[in-house]
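# Pasted the sequence and its predicted model underneath.
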Amino acid sequence: MKKDKILIIDFGSQYTQLIARRIRELKVFSLIEPCNIDMDKIKFINPKGIILSGGPHSVYQKNAPQLNKEILELKIPILGICYGMQILMKILGGDVKESQQREYGKAQLYIDDHTDLFFSLPAKIICWMSHMDKVVKLPIGFTVSAHTDNTVFAAVANKEKKIYGVQFHPEVIHTQNGLQIISNFLFRICECFANWQLEDFVNQQIKKIKEKVKNENVICGLSGGVDSSTAAVLVHKAIGRRLKCIFVNNGLLRKNEATNVIDIFSKNFKINLHYVDASKLFLNKLKGITDPEEKRKIIGHLFIDIFEKEAKKIKNAKFLVQGTLYPDVIESTSFFGGPTARIKTHHNVGGLPLDMKLKLIEPFRELFKDEVREIAKILKLPEQIIYRHPFPGPGLAVRIIGEVTKERLEILRQADYILEEIIKKRGVYKELWQAFCVLLPLKTVGVMGDKRTYEYVIAIRAVNSLDGMTADWAHLDADILSEISNSITNKVRGVNRVVFDISSKPPATIEWE
Ligand code: XMP
């Protein structure tokens, strides 16, 4: 059966990806395109419904992103959210008023019309507002379907034309029944079928990969992270031993990580795994280096050198597997551009050595991370990989402030292992985006068994985040923190003090370097 699609036209909102994920949660496929998408492409996509996202602009600003009026002639149901609603109202002949005051946060929404969008919802709900401007006059043919104390036109509709607008954000978790509103749009208004299933996706991908690869060989850089691991297992299902995985141990991995990866992929999944122990090389190159960017560059370049050398040994290799996800694809094609300033040189393991002339296989280009986790479950990857916290390519090197030495790596590895064991035992591991230790380059005075000590400080970093772009420090129980601190100072030689990082991102970043 052909899958129904909802097209989200992006006007630059921080919530655009969230809209796409919510729709997929409801088992309808969704995709995001920039607001300058051309009509031919929309026709090719052939969506059952279109959602116009919010955005940071004001419709009257000089360079405000515009909406192609022809979209309205396609007779496809449309839902405009926030800026999306305002731009709709403006081009249809309504009026939007600029205001200097931003309405931000929770508001009581009174529902005036319980058909269509608000079907089966209570008379009032809490909704999430985040806007500067307001619609002050409706175009002909529109009626109000919900209001708040401050906003008369909080939700509007032209039912005949199936054009809807909401000033608030139904995709945000703070809007009560938000998912029901989206569900009403998908199933009552657009008449979608809930037929987006990851099991089907897996089978389609396996078939596609088989057809694409034929009798050639495929290389995959394994890092042990969920994306590359799941991609490897998927491709292995399609082409078996013709998949050749390369796993480079850069000596900056966590305790037992290299043996775990070998056990899981070589022994368990019987994947052809080429293991390269390059720890000494990396450690040598990092000697005396303290600057974070320099560390990252050295590690990144050395990784590519080694990977390339190993890959060249594989005969008839024509393809390279990468675990690229949908957010990376959207970011690189966005109308608004990606992040403007380079904060850190992010080197991803598997980053493509350009002169290798390999064609790419990127089975997850259309997926979000939580969907990859679902696929990992379908493919029966072990829990430790499915729920593994993100781990940076440069590994522990960016968690050792100052010079990376063998002794410091060992201290950090032990402390990190203790932290992970405790939060897993306490059942908080899966709730956190990341939790790890950082080794500081300073020593402080302590006392142990009546003796003065002068040893290292370990910092604990634990954060909650949706995508790593912003993060809050996790308010771990004092009880857990105390167990972590006692355990580290008792068991790890060379550490006499543990501190807890209470900075959010921004202004801090998640990693310390
Ligand atoms: P920051 O420290 O920039 O990190 O707030 C955001 C997220 O990215 C991870 N991270 C990396 N991932 N290669 C990676 O694959 C890298 O070089 C790298 N640096 C940071 C970090 O762990 C966090 O999840």
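Cool, got the structure. For clarity, every value in this text was computed on a predicted model and none was experimentally measured.
# how does this structure divide into domains?
What automatic domain parsing lists as the domains of the chain is 5-189, 198-386, 399-500.
# out of the ones you listed, deepest packed?
Each of those was scored by mean neighbour count; the highest is domain 5-189, a mean of 19, by mean count of other Cβ atoms under 10 Å. All C-beta atoms are positioned from the backbone trio N, CA, C, and that covers glycine.
# where does the stretch 1-150 of the chain dip in pLDDT?
Within the stretch 1-150 of the chain, the ranges that satisfy pLDDT under 70 run 1, 100.
# Let me see the contact set for Gly84.
By Cβ atoms under 8 Å, 6 or more residues apart in numbering, the contact set of Gly84 is 9, 11, 51-55, 165.
# Recalculate using a threshold of 7 Å.
Applying Cβ atoms under 7 Å, 6 or more residues apart in numbering to Gly84 gives the contacts 11, 52-54.
# which SS state does it fall under?
What DSSP: H, G, I helix; E, B strand; the rest coil gives for Gly84 is helix.
# Next one: it from Lys90, what distance?
Separation of Gly84 from Lys90 (Cβ to Cβ, to the nearest Å) stands at 11 Å.
# and Leu26, what is it in contact with?
By Cβ under 7 Å, 6+ apart, the contact set of Leu26 is 182-183, 186, 194.
# which one of those residues is nearest the ligand?
Of all the contacts of Leu26, the ligand sits closest to Ile182, with 27.9 Å by Cβ to the nearest ligand atom.
# any idea which element that closest one lies in?
helix 178-183 (DSSP states H and E).
# So which elements touch the very next helix or strand once past that helix?
Per DSSP H and E, the first helix or strand lying C-terminal to helix 178-183 is helix 198-213. Where contact means 3 or more Cβ pairs under 7 Å, 6 or more residues apart in numbering; DSSP states H and E, helix 198-213 is packed against helix 226-239, helix 369-378.
# How about exporting the next helix or strand after the shortest one as PDB, limited to the C-alpha atoms?
Translated: helix 369-378. Using DSSP H and E, the helix or strand that follows helix 369-378 in sequence is helix 383-386. What follows is helix 383-386, C-alpha atoms only, in PDB (Å, rounded to 0.1, in the frame of the first residue of the first chain):
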ATOM      1  CA  GLU A 383      19.700  -2.900  25.000                       C
ATOM      2  CA  GLN A 384      23.100  -1.600  25.800                       C
ATOM      3  CA  ILE A 385      23.400  -0.300  22.200                       C
ATOM      4  CA  ILE A 386      19.800   0.700  21.700                       C
END
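# Return the residues of the stretch 101-250 of the chain in contact with the ligand.
For the stretch 101-250 of the chain, no residue is in contact with the ligand (Cβ under 6 Å from any ligand atom).
# So, low pLDDT: which residues of the chain?
Where the chain drops to pLDDT under 70, the residues are 1, 100, 337-356.
# Just the helices from it, written as ranges.
Counting by DSSP state H, one finds helices in the chain at the ranges 16-25, 39-45, 83-91, 178-183, 198-213, 226-239, 257-261, 279-285, 292-312, 326-333, 369-378, 383-386, 406-425, 478-491.
# Please dump these into TSV; it should also carry distance to Thr151 for every row.
Output for the helices of the chain, formatted as TSV (distance: least, Cβ to Cβ, whole Å):
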stretch	distance to Thr151
helix 16-25	20
helix 39-45	30
helix 83-91	11
helix 178-183	16
helix 198-213	38
helix 226-239	41
helix 257-261	52
helix 279-285	57
helix 292-312	46
helix 326-333	30
helix 369-378	32
helix 383-386	42
helix 406-425	43
helix 478-491	42
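# quick one, which of the ones you listed is nearest to Phe436?
Phe436 lies closest to helix 406-425 among these, at 5.9 Å (Cβ to Cβ).
# how about the closest one, does it reach the ligand?
No. On the criterion Cβ under 6 Å from any ligand atom, helix 406-425 is out of touch with the ligand, staying 13.1 Å away.
# Distance of the nearest residue to Asn36 once chain neighbours are set aside relative to the ligand?
Using Cβ to Cβ, 6 or more residues apart in numbering and skipping residues adjacent in sequence, the residue nearest Asn36 is Phe335, 5.4 Å away. Using Cβ to the nearest ligand atom, to the nearest Å, Phe335 is found at 24 Å from the ligand.
# One more: Pro77?
Taking Cβ to the nearest ligand atom as the measure, Pro77 and the ligand are separated by 37 Å.
# can you check Phe282 too?
Distance from Phe282 to the ligand, counting by Cβ to the nearest ligand atom: 14 Å.
# How about Val235?
Note on Val235: its distance to the ligand, by Cβ to the nearest ligand atom, is 20 Å.
# Just to check, that residue is in contact with Asn217?
No. Val235 is not in contact with Asn217 according to Cβ atoms under 7 Å; the separation is 11.1 Å.
# Would you list the phi and psi of the closest residue to the ligand within the stretch 51-200 of the chain?
Relative to the ligand, the nearest point of the stretch 51-200 of the chain is Ile173 (20.8 Å; Cβ to the nearest ligand atom). When read as degrees, to the nearest 10, the backbone of Ile173 gives phi -60, psi -30.
# what's near enough to touch Asp501?
Here Asp501 is in contact with 459-461, 473 (Cβ under 7 Å, 6+ apart).
# can we see that at 10 Å?
Neighbouring residues of Asp501 by Cβ atoms under 10 Å, 6 or more residues apart in numbering: 438, 459-463, 473-474, 508, 510, 512.
# Dump the domains of the chain into a markdown table; add distance to Gly393 as well.
Below are these laid out as a markdown table (distance: least, Cβ to Cβ, whole Å):
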| stretch | distance to Gly393 |
| --- | --- |
| domain 5-189 | 23 |
| domain 198-386 | 5 |
| domain 399-500 | 13 |
